[in-house]
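Student: all I have is the shape, not the residue letters:
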């Protein structure tokens, strides 16, 4: 079982792609934290950019807006979730060496596209995961990284 926390993701296209992948992977819920856009704006209008990429998955995956990722993490920990930020960090471990235990509930945390996750969020982690990089680029697109991490943790 897994939920996903999107901390200040800016791109509706990335969020739409995450919804689509979350649907295919059977993610329990997506938490849209901070400025992360959702399927509808504050006036109830459909987010056309998100919908174009999600292809209807935004209607299938439970989601909730949350102001504070940190407060949400505290709430999830009280409900037994293991907090797993996906971030390049000196304390991170190779995601493919991390063996998920099926009896645990996981909260995968993804951060803003260019700055990543703030240190305050990383300090709340049970384990920081990282996808190994071999090329010249330093990171993957957040939606691609989510897909890799989601399928590793769930299957």
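Tutor: Done, it's in. This structure is a prediction, so every number in the text was calculated from the model and none was measured. Numbering: from 1, shown residues only.
Student: so where's the protein shaky on pLDDT?
Tutor: Under the criterion of pLDDT under 70, none of the chain is flagged as low confidence.
Student: quick one, helices of it?
Tutor: 12-25, 48-54, 69-78, 119-122, 142-154 (DSSP state H).
Student: can you say which of the ones you listed is packed in most?
Tutor: helix 12-25 (a mean of 22; mean count of other CB atoms under 10 Å). (C-beta placed from N, C-alpha, C; glycine too.)
Student: what's the angle from that one to helix 142-154?
Tutor: Angle of helix 12-25 versus helix 142-154, following axes from the mean of the first three to the mean of the last three CA atoms, to 10 degrees, is 20 degrees.
Student: and helix 12-25, what does it pack onto?
Tutor: Judged by 3 or more CB pairs under 8 Å, 6 or more residues apart in numbering; DSSP states H and E, helix 12-25 is in contact with strand 2-7, strand 29-33, helix 48-54, helix 142-154.
Student: list the contacts for the closest residue to residue 74 other than its chain neighbours?
Tutor: Leaving aside its chain neighbours, residue 74 sits nearest to residue 124 (7.6 Å; criterion: CB to CB, 6 or more residues apart in numbering). Counting by CB atoms under 8 Å, 6 or more residues apart in numbering, residue 124 touches 70, 73-74, 77, 83.
Student: any idea how far residue 155 is from residue 98?
Tutor: Counting by CB to CB, to the nearest Å, the gap from residue 155 to residue 98 is 14 Å.
Student: quick one, which of those two is more surrounded?
Tutor: residue 98 (16 against 8; other CB atoms under 10 Å).
Student: my guess is the more buried one contacts residue 126. True?
Tutor: No: checked against CB atoms under 8 Å, the pair residue 98 and residue 126 is beyond contact range at 10.6 Å.
Student: just to revisit the earlier point, figure out which of the helices of the chain is closest to residue 104.
Tutor: Nearest of the helices of the chain to residue 104, taken as CB to CB: helix 142-154 at 9.8 Å.
Student: just want the angle from the closest one to strand 29-33.
Tutor: Using the same axes, to 10 degrees, one finds that helix 142-154 and strand 29-33 are set 140 degrees apart in direction.
Student: skipping its backbone neighbours, what lies nearest residue 85 in space?
Tutor: Spatially, and ignoring its direct neighbours in sequence, residue 85 is nearest to residue 109 (4.2 Å; CB to CB, 6+ apart).
Student: ok, the residue nearest to residue 74 to residue 136 distance?
Tutor: Taking CB to CB, one finds residue 124 at 32 Å from residue 136.
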